[in-house]
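[1] Show me how the following folds:
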Amino acid sequence: MTDMTITRRGLIFGAGAVSVAALAGCNNGVGSNGAAQIDARVDATQSFLFANYPGTQDLASRAAGVLYMPLMTEAGFGIGGAFGRGALQIQGATVDYYSAAKGSFGLQIGAQQYAHALFFMTPEALEQFRRSSGWAASGDVRYATPEQGASIGKETTELDPVIALVFGQQGLIAGATLSGVKYTRIIP
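    Sure, this is the predicted structure:
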């Protein structure tokens, strides 16, 4: 009986180690088309954003850089989380790729998907974001609603360091915020 237990533990441990190794290998970018997939999603998201919220095109042209997160998936049942991948563009060119992760706890149930963009309005804010090992959205982020999207580029006379726009929500959780979202540079 003891030999059977050791064998099961060994099997479970071995399967767990193989699973961790396989998951780690999936995100290292070697032999994957992750960057191309993210770029395609970012292009589609940018086109949607500019077509539906025309003021954002002016805002993007004035920004030092824009982080596009085309697909954030969030789910929760008491404990929740969200994850997505996107790209940072400076003057329209992709310079880095990022993942975004969020954890939450509280009265929540459901799932949703949404996109968001962070407009870095000052070179200092962009530099701080790029130099950090893991940047978290905080109080210095000004949130714009999709309803403001048509005029946001023209109405922003006082430059906030970072302007966030959450849009394209679909799902069963009411509302989406970026509070507590941590951004980390990745190699897709």
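[2] could you pull out the strands for the chain?
    Counting by DSSP state E, the chain has strands at residues 65-90, 93-120, 135-136, 141-144, 162-171, 182-186.
[3] Could you save these as JSON lines and add columns showing mean pLDDT and distance to Asn33?
    C-beta coordinates here come from the backbone N, C-alpha and C atoms, glycine included. Listed next are the strands of the chain as JSON lines, based on pLDDT from 0 to 100; distance: least, CB to CB, whole Å:
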{"stretch": "strand 65-90", "mean pLDDT": "91", "distance to Asn33": "13"}
{"stretch": "strand 93-120", "mean pLDDT": "88", "distance to Asn33": "13"}
{"stretch": "strand 135-136", "mean pLDDT": "77", "distance to Asn33": "26"}
{"stretch": "strand 141-144", "mean pLDDT": "63", "distance to Asn33": "32"}
{"stretch": "strand 162-171", "mean pLDDT": "85", "distance to Asn33": "23"}
{"stretch": "strand 182-186", "mean pLDDT": "93", "distance to Asn33": "14"}
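[4] now these as CSV including distance to Gln128?
    Putting the strands of the chain into CSV (distance: least, CB to CB, whole Å) gives the following:
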stretch, distance to Gln128
strand 65-90, 11
strand 93-120, 9
strand 135-136, 7
strand 141-144, 12
strand 162-171, 9
strand 182-186, 12
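[5] In JSON lines: those strands, plus mean neighbour count and distance to Asn52.
    Putting the strands of the chain into JSON lines (neighbours: other CB atoms under 10 Å; distance: least, CB to CB, whole Å) gives the following:
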{"stretch": "strand 65-90", "mean neighbour count": "20", "distance to Asn52": "14"}
{"stretch": "strand 93-120", "mean neighbour count": "18", "distance to Asn52": "11"}
{"stretch": "strand 135-136", "mean neighbour count": "18", "distance to Asn52": "27"}
{"stretch": "strand 141-144", "mean neighbour count": "19", "distance to Asn52": "13"}
{"stretch": "strand 162-171", "mean neighbour count": "18", "distance to Asn52": "8"}
{"stretch": "strand 182-186", "mean neighbour count": "17", "distance to Asn52": "24"}
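[6] Among those strands, which comes closest to Tyr53?
    Shortest distance between Tyr53 and the strands of the chain, using CB to CB, is found for strand 162-171: 7.2 Å.
[7] CA atoms only: put that closest one into CSV for me.
    Coordinates of each C-alpha in strand 162-171 appear next as CSV, following Å, rounded to 0.1, in the frame of the first residue of the first chain:
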residue,chain,number,x,y,z
VAL,A,162,-1.9,59.2,-18.1
ILE,A,163,-5.4,59.0,-19.6
ALA,A,164,-7.2,55.6,-19.6
LEU,A,165,-10.1,54.7,-21.8
VAL,A,166,-12.0,51.4,-21.2
PHE,A,167,-14.2,50.4,-24.1
GLY,A,168,-15.9,47.5,-26.0
GLN,A,169,-17.2,45.8,-22.8
GLN,A,170,-19.1,42.5,-23.3
GLY,A,171,-20.2,40.2,-20.6
